[in-house]
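Trainee: Here is a sequence with its predicted model. Questions after.
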Amino acid sequence: MLYDVRQTTTYHYGAPVRFARQILRMTPVERKGRQHVIAHMLDLHPAAASLERGEDFFGNAVTWLTLDQPHEALHMTARSRVEVCAPLLPAPDGTAPVEQVRRAALEQMDLGPDAPVHGLFPSRAIPLKEAITNWCAPLLQDHAPVLRAGLDLMHRIHDSFIYEPGATLVTTRPYEAFEKRRGVCQDFAQVMIAGLRGMGLPARYVSGYLRTVPPEGQPRLEGADATHAWVELWCGPQDGWIGLDPTNAIAVGEDHIMLAIGRDYADVAPVDGVIVASGDHALAVGVDVVPVER
């Protein structure tokens, strides 16, 4: 699939911002055999005094910018053309058992960006809680094929939680959303990651986009028209990382466009940084994902 993606992000400040140093992750990530970024453009108003581009440890495209003129609003528009290749999903019941994957993750010597070790432990935004681990444990038994177990957990979260924008904040921890049994895609993903890690299975957080217009005859997916989030579960050395979307109870396919990958939301936030100002601010985000005819 070929997509044109546009994300508009606008901050309105209660008082003029005199200086800002921002970190942007608004360029879709490049993943060999899975996703290719054909073109990308970023418009800023006001214009940046300095701008640098590079990659973080996980291979995500990062833009560092400095704003040194007083401004009461910041408008950012990112446009990308991205080619997405749907990954081939292995037969869930033919994947390695949970116990074997758990052991293999601990035995891996690789410390690179795709190493399972980075998805094994608690992280800043995803502390582990016994209540979540115990709730997930019956589906993650030692003998269960790991992908089958991951899919079953994905469905349980989808069926047990209510998708409700506004029920949580971006700073809400997984155990808070778990207690409410409601939230948005970030909460669904982080609860699932907490459960998998609690049982010794590597899991990481993916931010991205969903197709805005669904194929004819198919329902609209939750999270379209906004940035989305899902989970990648490491299924062993042979099958590697496999994407699972608990918000929509589907395996990740050609409708999902990856923006950034990390341990949790703190690693992949589209906009981060420091501003010199006082007062509150308001944020508005809009996303369009449009399939392109070849």
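Mentor: All right, it came through fine. Numbering: from 1, shown residues only.
Trainee: Show me the helices in the stretch 1-150 of the chain, by range?
Mentor: Using DSSP state H, counting those that start in this stretch, the helices found in the stretch 1-150 of the chain span residues 98-107, 130-136, 146-160.
Trainee: how big is the angle separating the longest one from helix 98-107?
Mentor: Angle, helix 146-160 to helix 98-107, by axes from the mean of the first three to the mean of the last three CA atoms, to 10 degrees: 110 degrees.
Trainee: Return the distance of helix 146-160 from the chain's centre.
Mentor: Helix 146-160 sits 18 Å away from the centroid of its parent chain (CA atoms, centre = their mean, to the nearest Å).
Trainee: quick one: buried residues of it?
Mentor: Judged by neighbour count using 16 or more other CB atoms under 10 Å, the buried positions of helix 146-160 are 146, 147, 148, 149, 150, 151, 152, 153, 154, 156, 157, 158. Bear in mind the C-beta positions are built from the backbone N, C-alpha and C, glycine included.
Trainee: quick one, what contacts the last one?
Mentor: Right, residue 158. Contacts for residue 158 (CB atoms under 8 Å, 6 or more residues apart in numbering) come out as 188, 246, 247, 248, 249.
Trainee: Just send those back as CSV, with neighbour count, secondary structure and distance to residue 117 too.
Mentor: Conversion of the contacts of residue 158 to CSV gives the following (neighbours: other CB atoms under 10 Å; DSSP: H, G, I helix; E, B strand; the rest coil; distance: CB to CB, whole Å):
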residue, neighbour count, secondary structure, distance to residue 117
188, 28, helix, 24
246, 27, coil, 23
247, 26, coil, 27
248, 24, coil, 29
249, 16, coil, 28
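Trainee: Same list (these) but as JSON lines, adding distance to residue 290 and pLDDT.
Mentor: Compiled in JSON lines, the contacts of residue 158 are given as follows (distance: CB to CB, whole Å; pLDDT from 0 to 100):
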{"residue": "188", "distance to residue 290": "25", "pLDDT": "97"}
{"residue": "246", "distance to residue 290": "25", "pLDDT": "97"}
{"residue": "247", "distance to residue 290": "21", "pLDDT": "95"}
{"residue": "248", "distance to residue 290": "19", "pLDDT": "94"}
{"residue": "249", "distance to residue 290": "25", "pLDDT": "95"}
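Trainee: Please enumerate the helices of the stretch 151-294 of the chain.
Mentor: Chain-ordered helices for the stretch 151-294 of the chain, with DSSP H, counting those that start in this stretch as the definition, fall at 174-180, 185-198, 265-268.
Trainee: okay, those helices, which one's buried deepest?
Mentor: A comparison of the helices of the stretch 151-294 of the chain by mean neighbour count, using mean count of other CB atoms under 10 Å, puts helix 185-198 on top with a mean of 27.
Trainee: Distance from the chain centre to that helix, please.
Mentor: Computed by CA atoms, centre = their mean, the separation of helix 185-198 from the middle of its chain amounts to 11 Å.
Trainee: then that helix to CSV, C-alphas only?
Mentor: As requested, the backbone C-alpha atoms of helix 185-198 are provided in CSV (Å, rounded to 0.1, in the frame of the first residue of the first chain):
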residue,chain,number,x,y,z
CYS,A,185,-5.0,3.3,22.3
GLN,A,186,-2.1,4.3,24.4
ASP,A,187,-3.7,2.8,27.5
PHE,A,188,-4.7,-0.4,25.7
ALA,A,189,-1.1,-0.8,24.4
GLN,A,190,0.6,0.0,27.7
VAL,A,191,-1.6,-2.4,29.7
MET,A,192,-0.8,-5.2,27.2
ILE,A,193,2.9,-4.4,27.4
ALA,A,194,2.9,-4.4,31.2
GLY,A,195,1.2,-7.8,31.2
LEU,A,196,3.6,-9.3,28.7
ARG,A,197,6.7,-8.0,30.5
GLY,A,198,5.3,-9.1,33.8
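Trainee: what's the angle from it to helix 146-160?
Mentor: Here helix 185-198 runs at 140 degrees with respect to helix 146-160, directions being taken by the same axes, to 10 degrees.
Trainee: and the longest strand belonging to the chain, which residues are buried?
Mentor: If you go by DSSP state E, the chain has its longest strand at strand 2-17. Residues of strand 2-17 classed as buried under the neighbour-count rule (16+ other CB under 10 Å) are 3, 5, 6, 7, 9, 11, 13, 17.
Trainee: can you redo those as a markdown table with pLDDT and distance to residue 205?
Mentor: Conversion of the buried residues of strand 2-17 to a markdown table gives the following (pLDDT from 0 to 100; distance: CB to CB, whole Å):
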| residue | pLDDT | distance to residue 205 |
| --- | --- | --- |
| 3 | 94 | 21 |
| 5 | 93 | 19 |
| 6 | 92 | 23 |
| 7 | 93 | 18 |
| 9 | 93 | 19 |
| 11 | 93 | 23 |
| 13 | 92 | 28 |
| 17 | 92 | 29 |
